[in-house]
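In: Make a model of this:
(chains A and B)
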Amino acid sequence: MKKRSLKNYTLRYLVVAILVLIALWAALFYWFIIEEVYDNIDDGLKDSELRIMKQIKSRPELLKTGEYGIAQFRFIPLAPGDYSEDRHIYNSTMYMPYEDDDEPVRILQSIFEENGQYYQLEIYTSTVEEDELLHNLLTALVVLYLALVASITIINHFILKRAWTPFYRLLKQLKEFKIGRGQQIEKPNGDVREFDEIHRELQAMIMRSEEMYAQQKQFIANASHELQTPIAIATNKLELLMEESELSEAQLVRIDDINKTLQRMKRLNRSLLMLSQIDNRQFQTSETVIFNRLIREVLSELQILSSHKNIQITTQEQGVFSIQINRDLAVILMNNLLKNAMVHNTEKGEVHIRITNTELSVHNSGEKPLDPNKIFHRFYKDKQNPNSTGLGLAIVQSIVKLYPPLSVSYHFDKGHHFRLRQ
Amino acid sequence: MKILIIEDERELVQVMQSSLEKENHLVESASDFHTALDKIISYEYDCILLDLMLPGGDGLDLLTEIKKLKKQDAVIIISARDAVDDKVLGLDLGADDYLAKPFHLAELNARVKSAIRRRKQHGEQHISWRNMLVDPENRTVFIEQKELVLNRKEFDLLYYFVTNPERLMTKTSIAEYVWGDHTDQADSLDFVYSQIKNLRKKLGNAGADADIQAVYGVGYKMI
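Out: Below you'll find the predicted structure:
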């Protein structure tokens, strides 16, 4: 579900709440007004009834008014019978020549006895105007509602936007925040206490994280350093031991196996140390390195590997790829990328290198795609190659990260493609 | 040759000392800054192996002292720090070489011999073994005055063997010395096999007395 912005969120609830409030208020108001209006009309009708009844005494001929004429009343003589003298008032419609239509009217109906004859008196009064009043009232309410919503929207837009500005500024800084760079979060201006609190807490949290991050980096570096000497002692002792003449072949082979394991540990440790040195920015100096030339140098170093696996290497130079970079790191970068292309290749496979001014791509044969999200992670390993440290591409990425806008990406399309872009 | 090992790890000193003594070097050691300084001032050495992290001071300061005293001793820095700056600084301060821990004993031998040879301007510039004469400066090999042409890797391989004659060299150590970082592959030991086969053939054809022998499956020895 797509989430709403803070502004729209409050607006949505306000609009619904106001609609409900206005509707309730309108219903109550309407009911109240209607009561009042009918009360008034009914009073008028009753007053007319009273006056007509008084008039009948002096002018009995009025009883002959059988139809509504100029007068808004009529008498209907009732068939002889027993009627209770009562009165009721109701709404109805009646044809009005002026409007040429049936119009709402309110009619008072009462039954009375005059000289032994029961009559029914009907008095009407037009309620057209009251209906119009209701109509107008409804229109007014709709206008009021729209005006309220519009003004709230506008207030929301301008006032809330202004009030929340420090919040959005904090959010923007958080988005751009990268750990390990000693970045600070700016204190928001404005006089909202909560934002100052958020800023204070964020700042404290960042300080803690930065500290932890630095400690962790230092720990990896120290651990790798401290391991070097014990590994050196163990390796060298084994090498001396292997030179002793009284050893049998089986013993020698077993010692060599231990030695090989130690060498693996040594490489792993060196790679970790290299990673932490890159991450700690210990490679400071930089120069313009032309990768076209660098690739030729690295390829000649890797020649033993490529010829051993019968790998066909082709280079297509369509431009000059050069960047400002530390030379040692550039060598490590290309070495790891190209070695990776050869090691994770098929027998008699291919490596194709394409160089343009802005891009350097290395493509090699391969059958199964690798996970592009994990391939640059530390210790993401090809299971077929137990000797791989799983750190080569992690080192590539660490180097690339040091030199923005340089970037490296992987995709699979009939083989593995690695692309360096600047 | 006289060698001074300046290193505070006693076990590492022992093992380095045993290995260097096999090459008929006279080895002394110092385990802290001040003992080391005393020895450097009092005696002459052909080569000093210097650890950078020492009790009582920084190895680089010791290096500065050696240079101040205008000593002719070759200095090889041996460090676990392996920081780029240390390496550059050490070499700038006049160290002859830099060897990162952990290293192979055979590599230490090769480095020590190279460093001493480079220091001795008027001494023997060639390394000879049997009827073979290896000139590391010009990267040439002569067998009874006849030049044997080797490619770059073959020369490195031969040089590694002649600086460690009659000693067992493991395949991993050989692979690392000749192909450096690219030896983390399962098949790297196959390279060693095929390269040594080539080199043996060339040596045999050129009439060298020396031979490279396989020692079971683990390594080779030059005899």
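
In: among the helices and strands of chain B, which has the poorest mean pLDDT?
Out: helix B:84-92 (a mean of 79; mean pLDDT, DSSP states H and E).

In: Now do that helix: which elements does it pack against?
Out: In terms of contacts (3 or more Cβ pairs under 8 Å, 6 or more residues apart in numbering or on different chains; DSSP states H and E), helix B:84-92 is packed against helix B:59-68, strand B:74-79, strand B:97-100. Just so you know, the C-beta spots here come from the backbone N, C-alpha and C atoms, and that holds for glycine as well.

In: deepest of those, which one?
Out: Looking across these with neighbours counted as mean count of other Cβ atoms under 10 Å in any protein chain shown, the highest average goes to strand B:74-79: a mean of 24.

In: quick one: is that one near chain A?
Out: No. Using Cβ under 8 Å from any Cβ of the partner chain, strand B:74-79 never reaches chain A; the gap is at least 8.6 Å.

In: Pairing partners for that strand, with directions?
Out: With DSSP bridges as the test, strand B:74-79 is paired with strand B:47-51 (parallel), strand B:97-100 (parallel).

In: just to revisit the earlier point, quick one, which of the helices and strands packed on helix B:84-92 is nearest to A:Glu211?
Out: strand B:74-79 (28.5 Å; Cβ to Cβ).

In: Let me see the contact set for residue 44.
Out: Just so you know, I chose chain A. Taking Cβ atoms under 8 Å, 6 or more residues apart in numbering or on different chains, we find A:Gly44 in contact with A:Thr125.

In: my question was about chain B
Out: Contacts for B:Glu44 were tallied using Cβ under 8 Å, 6+ apart; they are B:2, B:71-73.

In: Quick check: B:Ile196 touching B:Gly219?
Out: No. Using Cβ atoms under 8 Å as the test, B:Ile196 is too far from B:Gly219 to be in contact (10.0 Å).

In: how about the longest helix along chain B: buried residues?
Out: For chain B, the helix that runs over the most residues, judged by DSSP state H, is helix B:188-205. Neighbour counts over helix B:188-205 (16 or more other Cβ atoms under 10 Å in any protein chain shown) mark B:188-189, B:191-192, B:195-196, B:199-200, B:202-203 as buried.

In: what about A:Pro104, which SS state?
Out: strand (DSSP: H, G, I helix; E, B strand; the rest coil).

In: Check B:Val15 and give its pLDDT.
Out: On pLDDT, B:Val15 comes in at 94.

In: Pretty sure it sits against A:Glu243.
Out: No. Counting by Cβ under 8 Å, A:Glu243 is not a contact partner of B:Val15; they are 11.5 Å apart.

In: Those two: which is more packed in?
Out: Counted by other Cβ atoms under 10 Å in any protein chain shown, B:Val15 and A:Glu243 do not tie: B:Val15 has more neighbours, with 22 against 19.

In: Low-confidence regions, chain B specifically.
Out: For chain B, the stretches with pLDDT under 70 are B:82-85, B:121-124, B:181-188.

In: all helices of it, in order?
Out: B:10-22, B:33-42, B:59-68, B:84-92, B:105-119, B:152-162, B:171-179, B:188-205.

In: do the same with the stretch 201-350 of chain A
Out: Ranges of helices within the stretch 201-350 of chain A are A:249-279, A:291-301, A:303-308, A:327-343, based on DSSP state H, counting those that start in this stretch.

In: right, so the ones you listed: which one is the most enclosed?
Out: Highest mean neighbour count of those: helix A:327-343, a mean of 21 (counted as mean count of other Cβ under 10 Å).

In: Report all helices and strands that that helix contacts.
Out: strand A:287-290, helix A:291-301, helix A:303-308, strand A:350-355, strand A:359-364, helix A:392-402, strand A:416-421.

In: how's chain B carved up into domains?
Out: Residue ranges for each domain of chain B read B:2-119, B:127-222, as given by automatic domain parsing.

In: Tabulate those (JSON lines), appending distance to A:Glu210.
Out: Formatted as JSON lines, the domains of chain B follow (distance: least, Cβ to Cβ, whole Å):
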{"stretch": "domain B:2-119", "distance to A:Glu210": "23"}
{"stretch": "domain B:127-222", "distance to A:Glu210": "33"}
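
In: And for the nearest residue to A:His225 once chain neighbours are set aside, the neighbour number?
Out: Spatial nearest neighbour of A:His225, chain neighbours left out: B:Ala80 (5.5 Å); criterion: Cβ to Cβ, 6 or more residues apart in numbering or on different chains. Each residue near B:Ala80 was counted by other Cβ under 10 Å, and the total is 23.

In: next one: A:Gln397
Out: Look at A:Gln397: counted by other Cβ under 10 Å, it has 19 neighbours.

In: circling back to that earlier point, right, and the helices and strands packed on helix B:84-92 - which one's nearest A:Asp371?
Out: Closest of these to A:Asp371 is strand B:97-100, at 33.5 Å (criterion: Cβ to Cβ).

In: Next up, the contacts around residue 71.
Out: This is for chain A. By Cβ under 8 Å, 6+ apart, the contact set of A:Ala71 is A:Thr65.

In: not quite, I wanted chain B
Out: Per Cβ under 8 Å, 6+ apart, neighbours of B:Lys71: B:40, B:44.

In: Repeat the analysis, applying 7 Å as the threshold.
Out: By Cβ atoms under 7 Å, 6 or more residues apart in numbering or on different chains, the contact set of B:Lys71 is B:Ile40.

In: Against chain A, how distant is it?
Out: B:Lys71 sits 26 Å away from chain A, going by Cβ to the nearest Cβ, to the nearest Å.

In: Equivalent analysis for B:Val75, please.
Out: 19 Å.

In: Tell me how chain A divides into domains.
Out: Using automatic domain parsing, the domain parsing of chain A gives A:6-147, A:194-279, A:287-421.

In: Now render the ones you listed as JSON lines, adding distance to B:Glu21.
Out: Formatted as JSON lines, the domains of chain A follow (distance: least, Cβ to Cβ, whole Å):
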{"stretch": "domain A:6-147", "distance to B:Glu21": "78"}
{"stretch": "domain A:194-279", "distance to B:Glu21": "11"}
{"stretch": "domain A:287-421", "distance to B:Glu21": "34"}
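
In: now the end-to-end length of stretch A:351-363.
Out: Separation of the first and last residues of stretch A:351-363 by Cα to Cα, to the nearest Å is 6 Å.

In: What of stretch B:159-179?
Out: Start-to-end, stretch B:159-179 (Cα to Cα) is 14 Å.

In: quick check, distance from that stretch to the centre of its chain.
Out: Put simply, stretch B:159-179 sits 10 Å off its chain's centre (Cα atoms, centre = their mean, to the nearest Å).

In: any residue of it up close to chain A?
Out: Yes. Counting by Cβ under 7 Å from any Cβ of the partner chain, chain A is contacted by stretch B:159-179 at B:167-168, B:170, B:172, B:179.
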